[in-house]
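make a model of this:
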Amino acid sequence: MRLLRGLHNIPAEFSGCAVTIGNFDGLHLGHQAILRGLHDAANALGVPTLVMIFEPQPKEFFAADKAPARLANLREKLLDLDADHVDYVLCLPFNQALRSMSADDFIKQVLVDTLGIRHLIVGDDFHFGCDRRGDYQALASAGLQYGFDVRDSSTFLVAGERVSSTRVRNELEADRLDEVCKLLGRAYRMSGRVAHGRELGRTLNTPTANVLVKRHRLPLSGVYAVVARIQESGEEYPGVANIGVKPTISSIPEPSLEVHLFGFSGDLYGQHLTVEFWHKIRGERSFDGLEALRDAIDNDKRSAQCYFATLPHSFRDSGSSRITTTELNFSEATRYER
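Residues are numbered from 1 along each chain as shown. Below is the predicted model of the structure:
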């Protein structure tokens, strides 16, 4: 997959593609259906696939801090699209110039003149252009004029309701992780680079990896039983994670993801972890001092160990993270170079 940052980075030889446009936040089953249609159209036409996204996302541009929490940051979104074998991702800056561009100008200047579009797939609620005046009908008319096909993706339903990023977000906020899995086709996950933190975990006998989440707001918070994959090596470990703002030790709210891996020994600094959230243990709360926090963390570790140990073997062996019996031998020999 090739990332194109802005229209000025479109290769001179670029001509013809099958395109879809949207936020693709979380890459849920509805998004995945759109991408399958995109691949089918591209293969039939013999052209590459291109997904157009925006940074910031339009709601973030208009609503700033009041915008909903992202399910995926930009890096996570690109990893998901790459795993779906998309050929190109065009990331356009959503700024005042793009916000003010008319629907007709967007079609002519961006889709036709710059991309040489051959096929377009959009969601059933897609709007674009200044004041969102552009819609499917405008695109269909332009397709007849300029010679490209337009397809409106049908609504994707799970349990009789439309799958959307908003629905995923609502299920996360309600701690219904099983429902989230049904909407995403996998466990909800976050990924990021492991960086130096306060190193408080070592003093509490629970060394943790401080994962940079690169978000202003979080779509979930609390303590979870998790499965973490080290992207560089592919190794996977069960563990326990706290995601939130660490109210006991931080006077300034700052999104944080701290992960303790069962059975891991080594140095993770600078590497990337993908953390899957499998089970909610408790909500995030403040404690009266470090001793109370240490006791709570010990209880959290035991709760996570019990959760994984009681999973059916068939689930452990066939789940998205392929946890093995060996990895479920919870040794307290865990050591980090912290």
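
any buried residues in the helix of greatest length in the chain, and which?
Ordering each helix of the chain by length in residues (DSSP state H) puts helix 290-309 first. For helix 290-309, a neighbour-count test (16 or more other CB atoms under 10 Å) marks Leu293, Ala296, Ile297, Asp300, Lys301, Ala304, Gln305, Tyr307, Phe308 as buried. In short, each C-beta sits where N, CA and C put it, glycine included.

by pLDDT, give me the weakest of those.
Taking those together, the minimum pLDDT is found at Leu293 (85).

where along the stretch 101-250 of the chain do the strands fall?
Ranges of strands in the stretch 101-250 of the chain, per DSSP state E, counting those that start in this stretch, are 117-122, 149-152, 157-158, 161-162, 189-195, 209-211, 222-230, 236-244.

JSON lines for those, including mean pLDDT?
Below are the strands of the stretch 101-250 of the chain laid out as JSON lines (pLDDT from 0 to 100):
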{"stretch": "strand 117-122", "mean pLDDT": "96"}
{"stretch": "strand 149-152", "mean pLDDT": "94"}
{"stretch": "strand 157-158", "mean pLDDT": "95"}
{"stretch": "strand 161-162", "mean pLDDT": "96"}
{"stretch": "strand 189-195", "mean pLDDT": "95"}
{"stretch": "strand 209-211", "mean pLDDT": "94"}
{"stretch": "strand 222-230", "mean pLDDT": "97"}
{"stretch": "strand 236-244", "mean pLDDT": "95"}
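
and Leu35, which of the three is it?
helix (DSSP: H, G, I helix; E, B strand; the rest coil).

ok, Leu92 touching Leu98?
Yes: when contacts are counted by CB atoms under 8 Å, Leu92 is listed as touching Leu98 (6.2 Å).

intersection of neighbour lists for these two?
Phe54 (CB atoms under 8 Å, 6 or more residues apart in numbering).

which of the strands of the stretch 101-250 of the chain sits closest to Phe128?
Ranking these by their distance to Phe128 (criterion: CB to CB) puts strand 117-122 first, at 8.5 Å.

check contacts around the closest residue to Asp175 other than its chain neighbours.
Spatial nearest neighbour of Asp175, excluding adjacent residues (CB to CB, 6 or more residues apart in numbering): Lys280 at 4.8 Å. Shown in contact with Lys280 (CB under 8 Å, 6+ apart): Asp175, Leu177, Gly222, Val223, Tyr224.

distance of Lys280 relative to Val245?
17 Å (CB to CB, to the nearest Å).

need the longest strand for this structure.
Secondary structure assigned by DSSP state E gives strand 272-282 as the longest strand of the chain.

list the buried residues of stretch 87-102.
Result for stretch 87-102 [16+ other CB under 10 Å]: buried residues Asp87, Tyr88, Val89, Leu90, Cys91, Leu92, Phe94, Leu98, Met101.

can you lay out these as a markdown table showing distance to Asp40 and secondary structure?
Below are these laid out as a markdown table (distance: CB to CB, whole Å; DSSP: H, G, I helix; E, B strand; the rest coil):
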| residue | distance to Asp40 | secondary structure |
| --- | --- | --- |
| Asp87 | 14 | coil |
| Tyr88 | 17 | strand |
| Val89 | 19 | strand |
| Leu90 | 20 | strand |
| Cys91 | 24 | strand |
| Leu92 | 25 | strand |
| Phe94 | 29 | coil |
| Leu98 | 29 | helix |
| Met101 | 30 | coil |
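
count of neighbours near the closest residue to Cys17 other than its chain neighbours?
Take Cys17 and drop its neighbours on the chain: the residue closest to it by CB to CB, 6+ apart is Leu50, 4.4 Å away. By other CB atoms under 10 Å, the residues close to Leu50 number 24.
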